[in-house]
Every structure is written in C-alpha cells, then in structure tokens.
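K.L.:
quick one: sequence and predicted model below, then my questions.
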Amino acid sequence: MNEWLYSAQKLIDYIEEHACENLSLADVSRHVGYSPYYCSEQFHRLSGITIREYILQRRLAMAAAELRETGIPIIKIALKYGFSEQSAFTRAFKNTFGCAPSEYRKSPGPLPLLCRKMLLRPFKNIEGGNFMNISKIYTRVEFIPEHKYLGVYKESETKNGRLWPGHDCGLTCGIISSFCDSDLDKIVTRFTSGWTHKGKEPSYFFGSGVPVDFSCEIPEGFELRGEFPGSYYIAFCHPPFDYLSENGAAMKAVWEAAKSFDPSTLGFEWNENVCQDYERHYPEVLGYQILRPVRKISH
C-alpha cells in the first residue's frame, strides 16, 4: 500500500478531530510529517479537492447539522467552526448550498454535504483478502416493519454532480446525511444498499429506509419507493473485521452463505418478488450483512 495513502488518511482524521480549531496547512502537514507543498499537491491529486477547501466543506457540513438540529444562535455556530463573523459564514454557506444559514434553519431541505473522506480502500477484487481471520457466518431472523425506501436506483446527472448507487458514493451519502435522524427513523438503517428483483437481473440501489409517512423533499436524483410491507428477513452476518485486509474475504463468505441457503429449513420461502434485499456494510462496527426477505410457508 502506498505510504502516502496512510498519511493522507491520517491527515483527514486529524482534520476531523480538530475541525473547530484554526487549522493551517502548516498544522496538518506537520502532523503527518510532510512538507506543506507535498501534502497539498498529493491530497488534491488523490481526493480532487484542496486541503483548504476540504476543511471548509467539512466545517460547513458540521455547521449545517447544528443549524438543523439545535437552536444555537447562528453567530455562535459561525464562530465555533472558524468563521470570524456571521457574514463570512453566511457568504460561504450560501456560495456552497445556494441558501443562507437562516433560510436553511427555517426549511432544512436536502443538501449535498461533504462526508468524511475515505482514501484507503480494501482489495477491490472480492476474491482478495485475508481468509485466515474470517469468522464463521451466522444467520438470524429479523423483522423489518412496513417502510418506504429513499434511494438512488439508477445513474443520474444532478446539479451537484453524478449520482450512482455504488460503494464510492460521497455525494449520495452527503445528501442522506443532511436529513435528521427523526426524518429517516433509522428503519433498515441509514446508508444501506441492496437489490430489487424485478426483471431478469437484480438492480442495485443505495439509500435509506424511511417511515411510510415520510414527507420531506425528495432530493434530485433520488426516488421514494414502497410501500414495502412488514416482513421477516434472514440476515447472513459476519462480525466486525479489518476493512483493509479482510473486506473481500468477509463479503465473499457472506455472499456464498446467502446465495446457497435453503429457507425452508426454517419454515420460510423467499419473498423477494415483494420486498427488496438489503446490504449493511459497516466493517469495524457491525461487520457485513445481507438480508433476504422471507415469508412463512403456508400449509
């Protein structure tokens, strides 16, 4: 693995921890042990954004969450995230999102927030990875209540850029992040992906489950699908693992278990013509899961 990738990720982690401080390029470059010029050049090459712009966008994303979820005065939020005065914060917020902080607080619609970047990637080939540490896959039956699904089901060009429901989906994640938890209610869990089974080939999507009475503005490029009835799901699970060295092997093991499983051994049959399959991928916290919907076999 390129040594600079580790350093760049370390730099990003440092920015995240010190976002409220008056960070300079010299500060962040000193933390990773490279010259400011080299840090700036390499970071831009890898991420497509300058360090200065990244810091600004992350501060604005954090500030937007506080505007949406708290009643803290705007001037205090501006000062907290490194702006010298409220007018500077308003100008930056409006240039980025097209509305003033006060307008957003009154009507917090979806915004293309910049999520924390992940430059380190595991083995791209699902055949790769460290199979020595892969745990035994376990299954459980889970009930997911009636819900709708807010997601990106097909590639689309939007005013903020291209949306595509894949794993490298910063813009999509940023937009989902702009909704508060009460809007999404964590049904299915945020930042899930999955597959529909209408037609000959499964169709991939990415987004979040939402309540059936979800009434927020639908972001450009997203679709609100459902209503999906409450259903049992068989969850095929691998416990938390090291993302960089074990991701491919863990995913492969779960995929094979989910594909070959006979639900009749538990008194079920597949229900994929009615409900969607879901995928949860939180390597260091939850692990990796595939959820396939089932219904009880009628006798």
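P.N.:
Looks like it came in fine.

K.L.:
any idea where the strands of the chain begin and end?
P.N.:
Ranges of strands within the chain are 138-144, 147-152, 156-158, 161-163, 187-196, 203-210, 223-228, 231-238, 268-270, 277-282, 287-296, based on DSSP state E.

K.L.:
just the helices in this structure please.
P.N.:
3-17, 25-32, 36-47, 51-69, 74-80, 86-97, 101-106, 170-177, 181-184, 243-260 (DSSP state H).

K.L.:
can you lay out the strands of the chain as JSON lines showing mean pLDDT, mean neighbour count and distance to residue 82?
P.N.:
Every residue, glycine included, has its C-beta placed from N, CA and C. Formatted as JSON lines, the strands of the chain follow (pLDDT from 0 to 100; neighbours: other CB atoms under 10 Å; distance: least, CB to CB, whole Å):
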{"stretch": "strand 138-144", "mean pLDDT": "95", "mean neighbour count": "13", "distance to residue 82": "41"}
{"stretch": "strand 147-152", "mean pLDDT": "95", "mean neighbour count": "23", "distance to residue 82": "32"}
{"stretch": "strand 156-158", "mean pLDDT": "90", "mean neighbour count": "13", "distance to residue 82": "29"}
{"stretch": "strand 161-163", "mean pLDDT": "90", "mean neighbour count": "15", "distance to residue 82": "25"}
{"stretch": "strand 187-196", "mean pLDDT": "88", "mean neighbour count": "19", "distance to residue 82": "27"}
{"stretch": "strand 203-210", "mean pLDDT": "92", "mean neighbour count": "22", "distance to residue 82": "30"}
{"stretch": "strand 223-228", "mean pLDDT": "92", "mean neighbour count": "16", "distance to residue 82": "36"}
{"stretch": "strand 231-238", "mean pLDDT": "96", "mean neighbour count": "21", "distance to residue 82": "40"}
{"stretch": "strand 268-270", "mean pLDDT": "96", "mean neighbour count": "17", "distance to residue 82": "52"}
{"stretch": "strand 277-282", "mean pLDDT": "94", "mean neighbour count": "19", "distance to residue 82": "30"}
{"stretch": "strand 287-296", "mean pLDDT": "96", "mean neighbour count": "21", "distance to residue 82": "36"}
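
K.L.:
residue 256: which of the ones you listed is closest?
P.N.:
Comparing the strands of the chain against residue 256 with CB to CB, the closest turns out to be strand 231-238 (9.2 Å).

K.L.:
any idea of the angle the closest one forms with strand 147-152?
P.N.:
In terms of direction (axes from the mean of the first three to the mean of the last three CA atoms, to 10 degrees), strand 231-238 departs from strand 147-152 by 50 degrees.

K.L.:
low-confidence stretches in the chain?
P.N.:
1-2, 120-134, 167-168, 199-200, 299 (pLDDT under 70).

K.L.:
what's the burial count for the closest residue to residue 80 other than its chain neighbours?
P.N.:
Counting by CB to CB, 6 or more residues apart in numbering, residue 80 lies nearest to residue 20, which is 5.7 Å off, once chain neighbours are set aside. Neighbour count of residue 20, defined by other CB atoms under 10 Å: 12.

K.L.:
please shift the residue numbers so they start at 38 in all later answers.
P.N.:
In the new count, where the first residue is 38, that last one comes out as residue 57.

K.L.:
for stretch 247-262, buried residues please.
P.N.:
Within stretch 247-262, the residues that qualify as buried are 247-248, 251, 253, 256, 258-261, counting by 16 or more other CB atoms under 10 Å.

K.L.:
how about stretch 199-209?
P.N.:
Buried residues in stretch 199-209, counted by 16+ other CB under 10 Å: 200-202, 206-209.

K.L.:
nearest to residue 51 among the residues you listed?
P.N.:
Nearest to residue 51 among those: residue 207, at 19.3 Å, using CB to CB.

K.L.:
and the closest one, how far from residue 150?
P.N.:
10 Å (CB to CB, to the nearest Å).

K.L.:
for the residue nearest to residue 260 when sequence neighbours are not counted, grab the count of nearby residues.
P.N.:
Leaving out its chain neighbours, the residue that sits closest to residue 260 by CB to CB, 6+ apart is residue 190, at 5.3 Å. By other CB under 10 Å, the residues close to residue 190 number 18.

K.L.:
quick one, what contacts residue 190?
P.N.:
For residue 190, the contacting residues are 202, 233, 240, 242, 260, 262, by CB atoms under 8 Å, 6 or more residues apart in numbering.

K.L.:
biggest separation within the buried residues of stretch 247-262, which pair?
P.N.:
248 and 258 (21.3 Å).

K.L.:
any idea how the protein splits into domains?
P.N.:
40-143, 168-333 (automatic domain parsing).
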